[in-house]
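In: fold the following, please.
(chains A and B)
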Amino acid sequence: MKEIIQRLKQQFTISNVNQQRVDLTFLSVKKEQAVSLISYLRDFEKFSHLVFLTAVDRVEDIQFQLTYMLHNYNTHQDLGIRVLIDREKAEMASIHHLWKQAGTYQRELKEMFGIDFPGSPRVDESFILEGWDNIPPMRRDFDTKKYSEETYFPRPGRESHDPESYMKSKLYPEGDA
Amino acid sequence: MTKETKHNPSILENNGLPEFERDYFCDARPEQSRPLAKYIEKFLNWARANSLWLLGFGTGCGAVELRPLMTARYDMYRYGIAPRPTPRQSSVFIIGGYASVKTTKRIIRSYEQMQQPKFVIALGSCPINGGMYWDSYNTINRIDHYIPVDVYIAGCMPRPESIIAGFDLLKKLIKEGQAEGANKYIENLDWYKANQKKIIKDWNMPDYNW
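Out: Okay, here's the model as predicted:
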């Protein structure tokens, strides 16, 4: 894996290289270089399998973090490529020309996070949420509990407890232990 | 649909359908079925209770508990219960577990296509009060706000024994003539439709008649 990183560093500006396991490495790359880096890995380093493409909502930094996880069947190495993109104007270049199935991931990200992938096939059609008219539900500023209570007729009588204080009162009813 | 019939309460508006498709579907309101003379109805109810045909539509994780029920260990055929592949041949609809909004749309479609008499069993916690998905943005909390439910079987998931007990209760209700969910649905059709259309934003199907 070290040789691959060395070769990548000659061509791309990569940062935060983090080898988490013998067979799992993460690195970060700029948004502009991401697609060419992924193409290079697929075509020249035999990372032929796209394991997943997912997003994390970093609402504090006003950013989305995309993770492209690639797998090499010859060496059984996983390589995660992290890309930070702007949250206000969430848009990323599509990779459906590299892997056809990436279009499905991108459709899901468009629906769940509102990240646009221009040119990706059927990216504007609804996927799971048919006729959704709120902000995308996986964004962290979407209050799913409030939405559920307003929309889905909660049955009265449901109780919930703070786990820490509830277990304390159950285990030590006399007081602090 | 012309302007005169627009607010006629005896006609279903079918306004989710595009104009050219409205001719394909009937817009008459469904009517409640009245019981026949006392002993005939009693006999019919006895017959209905002993040949329950189940719609093979597992909406959630509860469908996995129906497999042991069908196979040799619990063998539901000895109770006169058999699965059918299409709603038009079935009389019992089991809501097996959580129902997302997308599934709820299909549940409503399937339920409306079933012939009367029809009965609904809500299986598991999720269709009863939301279960562990009570605060999810995409799963409904109470299925009885969208279709009428005759028997509730609580649990997460209920064992096949509980499902058999639920069928026993359903049979008892049918024999007593109390499993009137389909009539209740028709009686309160507007309320059910309002609830359904509240969550199903892309309503592109007829209002009742298929």
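
In: what's around the closest residue to B:Asn138 other than its chain neighbours, how many residues?
Out: Leaving aside its sequence neighbours, B:Asn138 sits nearest to B:Ser100 (C-beta to C-beta, 6 or more residues apart in numbering or on different chains; 5.0 Å). C-beta here means a position set from N, CA and C on the backbone, and glycine is covered the same way. Using other C-beta atoms under 10 Å in any protein chain shown, B:Ser100 has 20 neighbouring residues.

In: surely B:Ser100 touches B:Ile143?
Out: No: using C-beta atoms under 8 Å, B:Ser100 makes no contact with B:Ile143, being 11.7 Å away.

In: residues contacting residue 144?
Out: By default, I'm working from chain A. A:Pro137, B:Asp135, B:Ser136, B:Tyr137 (C-beta atoms under 8 Å, 6 or more residues apart in numbering or on different chains).

In: looking at chain B here, not the other one
Out: B:Ala122.

In: and if you look at B:Pro83?
Out: Counted by C-beta under 8 Å, 6+ apart, B:Pro83 has contacts B:Trp53, B:Leu54, B:Leu55, B:Gly56, B:Leu66, B:Met70.

In: as CSV, those residues with pLDDT and distance to chain A would be great.
Out: Listed next are the contacts of B:Pro83 as CSV, based on pLDDT from 0 to 100; distance: C-beta to the nearest C-beta, whole Å:
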residue, pLDDT, distance to chain A
B:Trp53, 93, 30
B:Leu54, 91, 26
B:Leu55, 89, 22
B:Gly56, 80, 23
B:Leu66, 87, 24
B:Met70, 88, 29
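
In: among the residues you listed, which one is most surrounded by other residues?
Out: Top of the contacts of B:Pro83 by neighbour count (other C-beta under 10 Å): B:Leu55, with 24 neighbours.

In: A:Lys110 versus that one, what's the distance?
Out: Using C-beta to C-beta, to the nearest Å, B:Leu55 is found at 34 Å from A:Lys110.

In: dihedrals phi and psi, A:Gln20?
Out: Note on A:Gln20: its backbone torsions stand at phi -80, psi -40 [degrees, to the nearest 10].

In: now do the one 5 residues further on
Out: Note on A:Thr25: backbone dihedrals following degrees, to the nearest 10 are phi -130, psi 140.

In: go on, A:Lys9?
Out: The phi/psi pair for A:Lys9 (degrees, to the nearest 10) is phi -60, psi -30.

In: state the pLDDT value of it.
Out: For A:Lys9, the model assigns a pLDDT of 92.

In: residues near it, how many?
Out: Neighbour number of A:Lys9 under other C-beta under 10 Å is 13.
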